[in-house]
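Peer 1: Let me see the structure of the following:
(2 chains)
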Amino acid sequence: MPTRIKLQDGNLYPVEDPFTNVADDQDVPQGDVILSLARFQAEGDRLLSEGRAVGVRLKSDEEVEALAYDLPRLALVAFEFPKFRDGRAYSNARILRERYRFAGEVRAVGDVLREQAYFMRRCGFDAFEPADGSGAQEWEAATRRFRHVYQRAADGREPAFAERER
Amino acid sequence: MYQYDVIDKEFTDDRVAEFREQVGRRIAGEITEDQFKPIRLLNGLYLQLHAYMLRIAIPYGTLTSKKLRKLAWVASTYDQGYGHFTTRTNLQLHWIKLKDAPDILAALGEVGMHSMQTSGNTIRNVTADPYAGATADELDDPRVWAEAIRQWSTLHPEFSFLPRKFKIAVTASAKDRAATRVYDIGLAMRRGRGGELGFEVMVGGGLGRTPYLGATIREFLPTRHLLSYLQAILRVYNRYGRRDNIWKARIKVLVASLGAEAFARQVEAEWEKSEQEQVDLPDIELARIRADFTPKFEALKPRSEAVEKLKASDPAFARFLRHNVHPHKVPGYALVDVSLKTPGQTPGDMTSEQMNVAADLAETYSLDEIRVNYTQNLILPHVKLDDLPAVYAALKAAGLATPNIDLISDIIACPGLDYCALANARAIPVAQHIAERFADPERAEAIGELKIKISGCINACGHHHVGHIGILGVDKKGEEFYQVTLGGSGEEDAALGSMLGPALPADKVTDAVEQMVEVYLRERRDGERFLDTFRRTGVAPFKEAVYADAH
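Peer 2: Residues are numbered from 1 along each chain as shown, chains lettered A, B, ... in the order given. This next block holds a predicted model:
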């Protein structure tokens, strides 16, 4: 099983991944799986009825709104970064957390670099599959680098203007 | 002027520490230039033709003497003793060594400055009316709102990987001195029917390869909702702006392709759904910011005998008063332009010595404030009339008193091919040549307001589309040619220029400008500016004069 970095009790740890990421042309194996949106729409009901945990992997041009009615049944949503420069998933992740109040795992996959750690964490991502060989310690350091933030986001951190009011 | 508190200070310190570590990894060879590029670009560090260029943010163009002295010190310690003020009111240093960059950022951090978000596909340094807080025609000090935007946009978690760069300008005056119509978002404060203040929100302006003037998507946004509304605009853009083609990735292309009304509907729908009170600043924070923008003016006589006396005896001072001194909202004060356009110099360049002179003048005579105008000049915004003779003498001694503001030799020019890796042609020598041709102040004054803007490539950093005369450098089989446009304006009467005719070789540009000036002087009616005459006559007489030889 591939290793991923996961937020647990406020810290990032390397954690074994119980999910299998299933490509569209691949047979669905046993156990917990992550599917593309199209595949989930075709086979999700059946797989969920078998009692498995199911996650959906969204491409950067797919909208999180497409999952609105399925979210209570999903264990995780993974957002693909085709390139680190493609920032659409940050908006999708915030909508998922802040508008839909999704409490499952939100995972970053694809071109995932430690330079994005701070932004991803703030937008509600809590699981990461780095593509640059970086590990949990480096991600932990990157997310803790700034003692203050200037705006509210999906991580519940208190923004500067609220700190000042205290 | 806004003062960093401990939170702002620690934030900047953390950023410097992060960058120091990243530069260390690069110098140690742990990361390649390809991997380092996006990191350095998040801190305004570009690799240009000859060296690294550092672009330092000057939020809403406002500096204190301490900040300007620090810029002077950095320029003389780590660069060649000068800096270049840009049309985005930033300062560029063009000869930086990578190993020095973290120390430079640390030095800037000591005075509350940084280079965050002066590059990359982020919300860039926010600009504002350079007369803010000093002009009688404003509804509010727009820098209060610009500072709110600065903080909100700093390392914004959602909007740091946009389809393309994103620029916001704010004005609170009907007279647009911030070029808001050519910004990704232009905010112009208006008074509502009930007397309350709000913003007209313009989106999708921009120059570059396909120039557009911004479209108004909301006539009146109550000021308290500014940040949540900006979030809605940026979110729609971040999700739906094109990412497949760098030339079509700016928000102007999204707005143009959807149509301004459809775009506005998407923004409004997103805004309705968002938790506005989580984003908008509480009144107490706005009041805290505002308190930093309330200088203490004295009660003065509206007329200065010292000024009247010198004006009568010194025609050069009288000319300086006519062109470089403007009325202030408080009686007995004036705004003073500091010209960085002495004919023959590089537009916008300033030596460290000159920066120190300007800083001293700001401290002694201008309530410690100095502004950067997007026209690449500086402004001392709060000078007492009685102090004008002393300020004039000091500026003149430093080569900063050329009385040419908004005249033909007050030319905007980007760095062009002399520095920039993107340029097709040089811009600086063209500007120098034109300015020298019209160096005679009497002749320049007789011609009157005429705004020439020069870009060395289609990216339009020199705003050529909105010049009364716009000049764009193009490459034709390895030779520099220049396309001329006429009739543009970046102000409240904003317009994009129209093409004069075929591109001109470099050695014909100044002659062409002179020929067009002759046409204007021949055709103009009472009080008309060059722009007014052009708008009345159209391009024909100008075209005829410039291309007469070709027939």
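Peer 1: What pLDDT is listed against the residue of chain B found nearest chain A?
Peer 2: Going by CB to the nearest CB, chain A is nearest to B:Phe161 of chain B, at 2.8 Å. From N, CA and C alone the C-beta is placed, and that goes for glycine too. Per-residue confidence (pLDDT) for B:Phe161: 96.
Peer 1: List the contacts of B:Phe414.
Peer 2: Careful, residue B:414 is Cys; it's not Phe. The neighbourhood of B:Cys414, defined by CB atoms under 8 Å, 6 or more residues apart in numbering or on different chains, consists of B:Thr86, B:Thr87, B:Cys420, B:Ala423, B:Ala427, B:Ile454, B:Ser455, B:Gly456, B:Cys461, B:Gly462.
Peer 1: Which one (most neighbours) among those?
Peer 2: Tallying neighbours with other CB atoms under 10 Å in any protein chain shown puts B:Ala427 at the head of the contacts of B:Cys414, with 34 neighbours.
Peer 1: Help me confirm that B:Glu10 comes into contact with A:Tyr150.
Peer 2: No - applying CB atoms under 8 Å, one finds B:Glu10 not in contact with A:Tyr150, separated by 12.0 Å.
Peer 1: which one of the two has more residues nearby?
Peer 2: Per other CB under 10 Å, whichever of B:Glu10 and A:Tyr150 has more neighbours is A:Tyr150, with 20 against 15.
Peer 1: Could you check how far that one is from A:Ser60?
Peer 2: Using CB to CB, to the nearest Å, A:Tyr150 is found at 26 Å from A:Ser60.
Peer 1: picking up where we left off before, what about the contacts of B:Cys414, which are in strands?
Peer 2: B:Ile454, B:Ser455 (DSSP state E).
Peer 1: counting residues per helix, which one in the chain is longest?
Peer 2: With no chain named, the answer covers chain A. As assigned by DSSP state H, the longest helix anywhere in chain A is helix A:37-49.
Peer 1: wrong one, I was asking about chain B
Peer 2: Under DSSP H, chain B gives helix B:6-27 as its longest helix.
Peer 1: Confirm that A:Val77 sits in a strand.
Peer 2: Yes - under DSSP: H, G, I helix; E, B strand; the rest coil, A:Val77 sits within a strand.
Peer 1: Now for it: which residues touch it?
Peer 2: Contacts of A:Val77 (CB under 8 Å, 6+ apart): A:55-58, A:64, A:67, A:71, A:96, A:102, A:104-107.
Peer 1: Please repeat the previous calculation with a cut-off of 6 Å.
Peer 2: A:Val56, A:Val106 (CB atoms under 6 Å, 6 or more residues apart in numbering or on different chains).
Peer 1: beta partners for it?
Peer 2: Beta-bridge partners for A:Val77, by DSSP bridges, are A:Val56, A:Val106.
Peer 1: likewise B:Glu200?
Peer 2: Beta-bridge partners for B:Glu200, by DSSP bridges, are B:Ala188.
Peer 1: separation between it and B:Pro157?
Peer 2: 28 Å.
Peer 1: The two: who's more crowded?
Peer 2: More crowded of B:Glu200 and B:Pro157, by other CB under 10 Å: B:Pro157, with 25 against 18.
Peer 1: Assumed the more buried one was part of a strand.
Peer 2: No - according to three-state DSSP, B:Pro157 belongs to no strand; its state is coil.
Peer 1: if I read this right, B:Ala460 contacts B:Leu207, doesn't it?
Peer 2: Yes - taking contacts as CB atoms under 6 Å, B:Ala460 lies within contact range of B:Leu207: 3.6 Å.
Peer 1: between those two, who's got more neighbours?
Peer 2: Counted by other CB under 10 Å, B:Ala460 and B:Leu207 do not tie: B:Leu207 has more neighbours, with 28 against 22.
Peer 1: could you measure the more buried one against B:Thr122, distance?
Peer 2: Distance from B:Leu207 to B:Thr122, by CB to CB: 19 Å.
Peer 1: repeat for B:Thr154
Peer 2: 9 Å.
Peer 1: before we move on, what about B:Lys309?
Peer 2: To B:Thr122, B:Lys309 is 52 Å away according to CB to CB.
Peer 1: How far does the least confident helix or strand in chain B by mean pLDDT sit from its chain's centre?
Peer 2: Across the helices and strands of chain B, mean pLDDT, DSSP states H and E gives its lowest value to helix B:33-41, namely a mean of 87. The gap between where helix B:33-41 is centred and where its chain is centred comes out at 26 Å by CA atoms, centre = their mean, to the nearest Å.
Peer 1: Give the buried residues for that helix.
Peer 2: For helix B:33-41, burial by neighbour count (16 or more other CB atoms under 10 Å in any protein chain shown) applies to B:Phe36, B:Lys37, B:Pro38, B:Ile39, B:Arg40, B:Leu41.
Peer 1: Find the nearest non-adjacent residue to the first one, please.
Peer 2: Excluding the flanking residues, the one nearest B:Phe36 by CB to CB, 6 or more residues apart in numbering or on different chains is B:Arg26, at 4.5 Å.
Peer 1: That neighbour reaches B:Lys37, doesn't it?
Peer 2: No - assessed by CB under 6 Å, B:Arg26 is found out of contact with B:Lys37, at 9.8 Å.
Peer 1: in the chain, which segments are predicted with low confidence?
Peer 2: Assuming you mean chain A. A:1-3 (pLDDT under 70).
Peer 1: other chain: chain B
Peer 2: B:550-551.
Peer 1: quick one, helices of chain A?
Peer 2: Per DSSP H, chain A carries helices over the ranges A:37-49, A:88-94, A:117-122, A:136-143, A:160-165.
Peer 1: would CSV of those helices with distance to chain B and mean neighbour count be doable?
Peer 2: Shown next, in CSV, are the helices of chain A (distance: least, CB to the nearest CB, whole Å; neighbours: other CB atoms under 10 Å in any protein chain shown):
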stretch, distance to chain B, mean neighbour count
helix A:37-49, 16, 15
helix A:88-94, 5, 27
helix A:117-122, 3, 24
helix A:136-143, 8, 18
helix A:160-165, 4, 16
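Peer 1: Among those helices, single out whichever gets nearest to B:Val6.
Peer 2: helix A:160-165 (9.6 Å; CB to CB).
Peer 1: How far off centre is that closest one?
Peer 2: Relative to the chain's own centre, helix A:160-165 is displaced by 29 Å; criterion: CA atoms, centre = their mean.
Peer 1: What helices and strands are in contact with it?
Peer 2: With contacts defined as 3 or more CB pairs under 6 Å, 6 or more residues apart in numbering or on different chains; DSSP states H and E, helix A:160-165 has no helix or strand neighbours.
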